[in-house]
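need a 3D model of the following:
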Amino acid sequence: SPEPADPPRPSAEPAAQSPMELIVLQLLLWHSALWTVQEAAPLAPASSLPQSFLLKCLEQVRKIQADGAALQERLCATHKLCHPEELMLLGHALGIPQALLSSCSSQTLQLTDCLSQLHSGLLLYQGLLQALAGISPELAPTLDMLQLDVTDFATNIWQQMEDLGVAPAVQPTHGTIPTFTSAFQRRAGGVLVASNLQSFLELAYRVLRYLAEP
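This is a model prediction of the structure:
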């Protein structure tokens, strides 16, 4: 008769014990793979960006993230809109776009394309924040501050592109922006736009920090 199979090794048990552990492991592996790709990118382009510019960008990103978090907190506390994932279907119905930074995190990192994509993304969120005007009197000051800081960041990126001689002859626009026709749509849109902006900025911060490393 065939010999009985060997019992499972103890070292394999933890992976099967908790789905959460698997998720955490997958996230760690993804994060490691992302930075392996970025570390493999050519370093030469980074030298053409002044350290003062990169440090200012990092400061601006953190300021905008704080503004966005404040907007999210106010929407949650005032209007009980606390979970962006619950509004995803509405976001698709309204046609709320998201900005990407694929040129900044690929193995073939191109500085010009990365700056252009970062600037375009900021213009998109600038337009989306403008479309949220009238969201509510309580949230107007927070929204205005967020919009102002996004505009300042986009201007900083554009000026650096001009200094490098890579800015287009005509500054691009933010493209098509959805129309929010009710107070609820503006508030729900505010939750989604703020959430998408935070994700965009987190990747931007990682890339800028990577470029700022000596």
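
just the buried residues of the helix or strand where Ser120 lies, please?
Element membership of Ser120, judged by DSSP states H and E, is helix 111-131. By neighbour count on 16 or more other CB atoms under 10 Å, the buried set for helix 111-131 is 111, 114-129, 131. Backbone N, C-alpha and C define where each C-beta goes, glycine included.

quick check: next helix or strand after that helix?
Using DSSP H and E, the first helix or strand after helix 111-131 is helix 140-164.

contacts for that following helix?
48-50, 53, 56-57, 60-61, 63-64, 67-68, 70-71, 74, 111-112, 115-116, 118-119, 122-123, 125-126, 129-130, 132-133, 135, 167, 171, 190, 194, 197 (CB atoms under 8 Å, 6 or more residues apart in numbering).

next: stretch 61-80.
81-82, 136, 138-139, 142-143, 145-146, 149-150, 153, 187, 190-191, 194-195, 197-198, 201-202, 204-205, 208.

which parts of the chain are helices?
Taking DSSP state H, the helices of the chain run over residues 13-17, 19-40, 51-79, 88-94, 102-105, 111-131, 140-164, 183-212.

mean pLDDT added to these, as CSV?
CSV is the format used below for the helices of the chain (pLDDT from 0 to 100):
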stretch, mean pLDDT
helix 13-17, 44
helix 19-40, 44
helix 51-79, 95
helix 88-94, 87
helix 102-105, 84
helix 111-131, 94
helix 140-164, 95
helix 183-212, 93
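
wait, Ile177 sits on Ala133?
No: the criterion here is CB atoms under 8 Å, and Ile177 misses it with Ala133 at 11.5 Å.

of the two, which one has the most company?
Between Ile177 and Ala133, counting by other CB atoms under 10 Å, Ile177 is the more crowded of the two (17 against 12).

could you find the closest non-adjacent residue to that one?
Closest residue in space to Ile177, ignoring its immediate chain neighbours: Gly127 at 4.4 Å, by CB to CB, 6 or more residues apart in numbering.

please look at that neighbour and Thr179 and confirm they touch.
No: with contact defined as CB under 8 Å, Gly127 does not count as touching Thr179 (11.5 Å).

how close does the residue nearest in space to the middle of the chain get to Asp163?
In the chain, the C-alpha nearest the mean C-alpha coordinate belongs to Phe200, at 0.9 Å (CA atoms, centre = their mean). Counting by CB to CB, to the nearest Å, the gap from Phe200 to Asp163 is 23 Å.

repeat that for His174.
23 Å.

out of these two, which sits in the more crowded spot?
Neighbour comparison, His174 and Asp163: the larger count goes to His174, with 20 against 13 (by other CB under 10 Å).

can you pull the contacts of the nearest residue to the more buried one once chain neighbours are set aside?
Counting by CB to CB, 6+ apart, Gly127 is the residue found nearest to His174 once chain neighbours are left out, at 3.3 Å. Counting by CB under 8 Å, 6+ apart, Gly127 makes contact with 173-175, 177.

now tabulate these in JSON lines and tack on pLDDT and distance to Ile96.
Conversion of these to JSON lines gives the following (pLDDT from 0 to 100; distance: CB to CB, whole Å):
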{"residue": "Thr173", "pLDDT": "75", "distance to Ile96": "17"}
{"residue": "His174", "pLDDT": "73", "distance to Ile96": "13"}
{"residue": "Gly175", "pLDDT": "74", "distance to Ile96": "12"}
{"residue": "Ile177", "pLDDT": "90", "distance to Ile96": "9"}
